[in-house]
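> below is the sequence, then the predicted model.
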Amino acid sequence: MLSPTIAWKPVGHINTPSSRLRCFLPCQYLRNRGWSCELFNSKNIDRYQLVVFQKTYDEENIALAKSLKSRGIKTVFDLCDNLFVYPDTADRQREKLLQSMIDAVDAVSVSTPEVEKLIHSKNTRVIDDAIDEPQINSLINFCFKRKNYFRNSTEKQFKVVWYGSAGLENPPYGIVDIPSVLPFLDKLHSILPVSLTVISSSETLFKKYVNRVSFPVKYHNWKKLHSNICSNNMTYASSQLISILLQFVNQIIG
């Protein structure tokens, strides 16, 4: 295998959703296409052509990005959340660090066009999240099929599932955004039965923000649900996602 030329520096481990979808899986995709990739190791800096900082923007990583750039190593900052909004002025320091990291790197990759709009005067590219396709336990799969087989064909219900990190209240993202769609679901429920299931990481935020609705709501802790029915051994990436990722890497490395 060739010496690694691309290093990834994730904010978390493989069980951290954003790190798995925007670091570990993309790294795996590139390896499958013949690229040499690894998690960042300071001992191997001389072999790197590109270092991707996945949502890491503290003072230490900002200094590292500047150091790498001074050595001619290309750098990318990957951002999958809108972390620019801080209602509490006491947290503005984080926003300053975020901008400093953006200024320090050669390019920025983001998860959505809306986040891209927040990045000014910087080479940016929208790269969608990787798709982590679960493998359903065979017994659970049998139960699902049996339930669907015996279901009354006239039964109609609009089932909504919200899956994601619970997020934070400051900056506001995650479960705190759900109330913005509840009035629409309430209105729909008057015409067609609606149910909402939230799969996330904070029942406290769920109870605080998902309430006072006319339709049934349920909460599932994603760790417990994942341990019962899913396996991360099976992954999927669309050809379009891989193509965009490869184009971006080629563009940065030159």
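Here it is on my side, so go on.
> list the buried ones in stretch 85-105?
Neighbour-count burial for stretch 85-105, counted by 16 or more other C-beta atoms under 10 Å, picks out 86, 94, 97-98, 100-102, 104-105. No exception for glycine: its C-beta is placed from N, CA and C like everyone else's.
> an error on my part: the question was meant for stretch 176-186.
176, 178, 182, 185.
> so what's the last one closest to, chain neighbours aside?
If I follow you right, that is Leu185. Excluding the flanking residues, the one nearest Leu185 by C-beta to C-beta, 6 or more residues apart in numbering is Val194, at 5.3 Å.
> surely the one you found is in contact with Lys187?
No: the criterion here is C-beta atoms under 8 Å, and Val194 misses it with Lys187 at 9.4 Å.
> between the two, who's got more neighbours?
Legend: neighbour count by other C-beta atoms under 10 Å for Val194 and Lys187, higher for Val194 (21 against 11).
> what is the neighbour count of Cys37?
The number of residues near Cys37, taken as other C-beta under 10 Å, comes to 20.
> then the one 3 residues further on?
Counted by other C-beta under 10 Å, the residues lying close to Phe40 total 21.
> and what of the one 4 residues further on?
With neighbours defined by other C-beta under 10 Å, the count for Asn44 comes to 14.
> distance of it from Lys74?
According to C-beta to C-beta, to the nearest Å, Asn44 and Lys74 sit 15 Å apart.
> do the same with Gln247
Gln247 is 15 Å from Lys74, by C-beta to C-beta.
> ok so, going back, just curious, which of the buried residues of stretch 85-105 is nearest to Pro216?
For the buried residues of stretch 85-105, the minimum distance to Pro216 (C-beta to C-beta) is 34.8 Å, reached by Tyr86.
> just the strands in the stretch 151-254 of the chain please.
158-163, 167-169, 172-174, 194-200, 217-221 (DSSP state E, counting those that start in this stretch).
> dump the ones you listed to TSV, plus distance to Leu50 and mean pLDDT.
Below are the strands of the stretch 151-254 of the chain laid out as TSV (distance: least, C-beta to C-beta, whole Å; pLDDT from 0 to 100):
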stretch	distance to Leu50	mean pLDDT
strand 158-163	31	88
strand 167-169	30	83
strand 172-174	28	82
strand 194-200	33	92
strand 217-221	37	93
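> pick the most deeply packed of those strands.
Neighbour counts (mean count of other C-beta atoms under 10 Å) averaged over each of these peak at strand 194-200, with a mean of 19.
> quick one, helices of the protein?
17-19, 25-32, 59-70, 92-104, 113-116, 138-150, 182-189, 203-209, 222-229, 239-253 (DSSP state H).
> determine which of those helices shows the lowest mean per-residue pLDDT.
Lowest mean pLDDT of the helices of the chain: helix 138-150, a mean of 57.
> doesn't Asp177 make contact with Leu168?
No: using C-beta under 8 Å, Leu168 is not in contact with Asp177, being 11.1 Å away.
> so how far is Tyr48 from Arg31?
From Arg31 to Tyr48 the distance is 15 Å (C-beta to C-beta).
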